[in-house]
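no FASTA, just this:
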C-alpha cells in the first residue's frame with residue numbers, strides 16, 4: 001500500500017510539474033493572431049546618429065530630401081509585394097550642424113515626421129540640451145521616443161516609453177528602446193540631473209519576457225554601440241553584450257559607435273545592424289515570418305547620394321519645401337567668412353580619438369591665446385569635424401565645436417599638474433576621452449607620465465600654472481577629474497566656438513604645417 005501511495009504521489013507530482021511547466025510555456029507565448037502557413041513579409045529600415053544633417057552637404061550628398069525619395073521607393077516596392085515597413089532610428093538626432101543646432105533640431109524632427117519614422121531610441125546627444133528642449137522635441141515628434149532604462153528618480157518610472165507595439169494583419173511586433181549608460185559622462189550634469197541610467201542588460205532581461213507575451217517579433221532600437229566580439233573597452237557595454245546576455249531579441253537596430261555594418265552581426269540568435277552616421281545610408285533588413293519562425297531574407301546598406309559624381313537620388317520636393325525655410329534662416333547667420341586654410345585640419349572621429357591632430361593643436365592654441373593659460377587640454381570627443389582647405393566660414397567653426405561649451409581655466413601647482421596629467425594623459429584611444437595637449441610636453445609609458453615640460457621648460461612642482469580646458473571636461477565629463485571644486489577654477493564664460501572664430505579672424509591665413517602636433521611621446 002505504501003508503495004502504491006508513493007507511486008501515486010510521484011505520478012501526481014510529475015503530472016503537476018508538467019502542467020505547471022506547460023502553463024509557464026504557454027504564458028510566454030503571445031496570443032496567436034497571425035494566419036497559419038501564411039508568409040508575412042516585414043522590412044525594417046533604419047538610420048542612426050543623424051546629428052543635424054537635415055540638409056545635403058556642399059557636395060550634394062545625404063540630406064533628408066534624398067532619403068525620403070529612397071524610403072518612398074522602398075515602401076512602394078514592399079507594398080507591391082504584400083509586405084510591411086517599419087522605419088526606426090537608433091538615436092542621436094541632435095548636435096553636429098549649425099543650421100540644426102541653432103534651431104534646436106526642429107527641422108530634423110519635422111523631417112522625420114514627414115519621412116514617417118515609427119520610433120526612435122533616445123541617444124546620449126539628446127541630452128546636449130536642457131530637459132525643456134528635449135521635451136519640446138518630444139512634442140514635435142509624431143513618433144514615440146523610446147528608452148526603457150532611463151529612470152526618473154522622482155517617480156521611479158521610465159522617463160520615456162519603454163517600448164511600443166505594431167500589428168500587421170495579425171503579426172505583432174514590439175520595439176523597445178535602450179540608451180547607453182555612458183550618457184551622464186558625455187553631457188552636462190545638469191541635463192541628466194534626477195535621472196538614473198540603468199543597465200540595459202538588467203532592464204531588458206525583465207522586459208523581454210513581458211514582450212514575448214505580447215509580440216511575435218521583438219526588436220531593440222538601441223543607442224549603445226556595436227563593439228566587435230563584445231570588446232567595448234572603456235565604453236559602456238553595447239549591442240553585442242546585450243544580445244549575448246538576453247535571449248529573445250530578434251533584431252537590434254543600433255547606433256552610437258557610428259559603424260557601417262554592411263553585414264549583420266549575429267549573436268545568440270539576434271541580428272545586430274547599424275547604418276553608420278549622418279543619413280549616409282539607409283539600412284534595409286527584409287524578413288519573412290512563417291508559423292512562428294523569423295527568417296532574414298536580405299540585408300543591405302543603401303547609400304544616400306554618397307558616391308562621387310551626379311547624385312542618383314532626386315530631392316523630394318515636398319521635403320525640400322518643408323526644410324528650406326529653416327536652411328535659409330540659419331544660413332544668414334553662419335555663412336560668414338572668417339578666414340582661410342591651406343590644407344585640411346584633421347578632426348574626423350577616426351583621427352581625434354586615436355592620435356594627436358593638427359586641428360586639436362589649433363583649438364588648444366585658441367584657448368591659450370584667449371585666456372593667457374600656460375597650457376591647454378582638449379578631449380577628442382569634443383571635436384566633431386575636420387576643417388577643409390579653402391574658405392573658413394562661421395558654419396565650419398560651429399560644425400567643429402557644436403556643443404556650446406565654455407572655456408575654463410584652473411590654477412594648479414606643478415605637482416597638481418603632474419597628478420592631473422597622470423589621469424587624463426592615460427585615457428585610451430577609441431574614446432572621446434582621448435586627450436590632446438598644447439604647451440605641455442611629456443612622455444607616456446608604462447601607465448605613467450614623466451619628463452613633463454610646460455612651454456619647453458621642466459615643470460617646477462612648486463610653481464603655479466594655469467591650464468585651459470572646456471567646461472565639459474572641467475566638470476568631470478569623460479571621467480576627467482572634477483576641477484570645479486578647486487579654488488583656482490574659473491569659468492570664463494567664453495563660448496568655445498566664439499573663441500575659435502576670434503582666433504581665426506586674428507590669424508586669417510592659417511597654414512596647417514604650423515599646427516603639427518609634437519611634444520607628447522607615447523611608448
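Right, received. Where do you want to start? Note that this is a predicted model, so its numbers are computed, not measured.

Please report the distance of residue 340 from residue 507.
10 Å (C-beta to C-beta, to the nearest Å). Any C-beta I mention is one placed from the backbone N, CA and C, and that applies to glycine too.

Equivalent analysis for residue 186, please.
Counting by C-beta to C-beta, the separation of residue 186 from residue 507 is 31 Å.

out of these two, which sits in the busier spot?
Shown here are residue 186 and residue 507; by other C-beta atoms under 10 Å, residue 186 has more neighbours (22 against 15).

Residue 74 against residue 43, yeah?
Yes - with contacts counted by C-beta atoms under 8 Å, residue 74 reaches residue 43, the gap being 6.9 Å.

Which one's more surrounded, these two?
Here residue 74 and residue 43 are compared on neighbour count by other C-beta under 10 Å; more neighbours surround residue 43, at 21 against 17.

Partner strands of the host helix or strand of the more buried one, with direction?
Following DSSP states H and E, one finds residue 43 within strand 40-47. Within its sheet, strand 40-47 is paired with strand 84-89 (parallel), strand 281-290 (antiparallel), according to DSSP bridges.

possible to save those strands as a markdown table with mean neighbour count?
Formatted as a markdown table, the strands paired with strand 40-47 follow (neighbours: other C-beta atoms under 10 Å):
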| stretch | mean neighbour count |
| --- | --- |
| strand 84-89 | 24 |
| strand 281-290 | 20 |
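
so can I have a markdown table of those strands showing mean pLDDT and distance to residue 296?
A markdown table is the format used below for those (pLDDT from 0 to 100; distance: least, C-beta to C-beta, whole Å):
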| stretch | mean pLDDT | distance to residue 296 |
| --- | --- | --- |
| strand 84-89 | 98 | 14 |
| strand 281-290 | 98 | 6 |
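
can these go into a markdown table with extra columns for distance to residue 311?
Formatted as a markdown table, those follow (distance: least, C-beta to C-beta, whole Å):
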| stretch | distance to residue 311 |
| --- | --- |
| strand 84-89 | 21 |
| strand 281-290 | 14 |
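
Nearest to residue 491, out of these?
Of all the strands paired with strand 40-47, it is strand 84-89 that lies closest to residue 491, at 34.4 Å by C-beta to C-beta.

rewinding a little: for the record, mean pLDDT for the strand holding residue 43?
Strand 40-47 comes out with an average pLDDT of 98.

Just the buried residues of it, please?
40, 41, 42, 43, 44, 45, 46, 47 (16 or more other C-beta atoms under 10 Å).

Could you list every helix and strand in contact with the helix or strand just after it?
Following strand 40-47 in sequence order, the next helix or strand is helix 64-80 (DSSP H and E). Helices and strands in packing contact with helix 64-80 are listed as strand 40-47, strand 84-89, helix 106-115, strand 281-290, helix 317-334; criterion 3 or more C-beta pairs under 8 Å, 6 or more residues apart in numbering; DSSP states H and E.

the inter-axis angle of helix 64-80 versus strand 281-290?
With axes from the mean of the first three to the mean of the last three C-alpha atoms, to 10 degrees applied, the angle from helix 64-80 to strand 281-290 works out at 20 degrees.

these two touch, right, residue 471 and residue 409?
No - at 10.7 Å, residue 471 does not count as touching residue 409 under the criterion of C-beta under 8 Å.

just to revisit the earlier point, need the buried residues of strand 40-47 in TSV (columns: distance to residue 511).
Shown next, in TSV, are these (distance: C-beta to C-beta, whole Å):
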residue	distance to residue 511
40	61
41	57
42	55
43	51
44	48
45	45
46	42
47	38
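
and which of these is nearest to residue 451?
residue 47 (46.8 Å).

what are the ranges of the helices in the protein?
Along the chain, counting by DSSP state H, helices occupy 2-28, 64-80, 98-101, 106-115, 131-140, 200-212, 239-245, 317-334, 349-352, 358-371, 394-400, 414-424, 471-474, 496-506.

need the ones you listed in a markdown table with mean pLDDT, can you?
Shown next, in a markdown table, are these (pLDDT from 0 to 100):
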| stretch | mean pLDDT |
| --- | --- |
| helix 2-28 | 41 |
| helix 64-80 | 98 |
| helix 98-101 | 89 |
| helix 106-115 | 98 |
| helix 131-140 | 98 |
| helix 200-212 | 98 |
| helix 239-245 | 98 |
| helix 317-334 | 94 |
| helix 349-352 | 96 |
| helix 358-371 | 97 |
| helix 394-400 | 94 |
| helix 414-424 | 98 |
| helix 471-474 | 93 |
| helix 496-506 | 95 |
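
how about the ones you listed in a markdown table, adding distance to residue 463?
Shown next, in a markdown table, are those (distance: least, C-beta to C-beta, whole Å):
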| stretch | distance to residue 463 |
| --- | --- |
| helix 2-28 | 68 |
| helix 64-80 | 54 |
| helix 98-101 | 40 |
| helix 106-115 | 49 |
| helix 131-140 | 43 |
| helix 200-212 | 47 |
| helix 239-245 | 46 |
| helix 317-334 | 42 |
| helix 349-352 | 31 |
| helix 358-371 | 17 |
| helix 394-400 | 33 |
| helix 414-424 | 5 |
| helix 471-474 | 21 |
| helix 496-506 | 26 |
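
which stretch among these comes nearest residue 518?
Within the helices of the chain, the stretch nearest residue 518 is helix 358-371; the backing value is 8.6 Å (C-beta to C-beta).

Residues in contact with the closest one: which ones?
By C-beta atoms under 8 Å, 6 or more residues apart in numbering, the residues outside helix 358-371 that reach it are 345-347, 352, 373-378, 380, 383, 386-387, 400-401, 407, 409, 436-439, 466, 468-470, 492, 494, 496, 499-500, 502-504, 506, 510, 512, 515-517.
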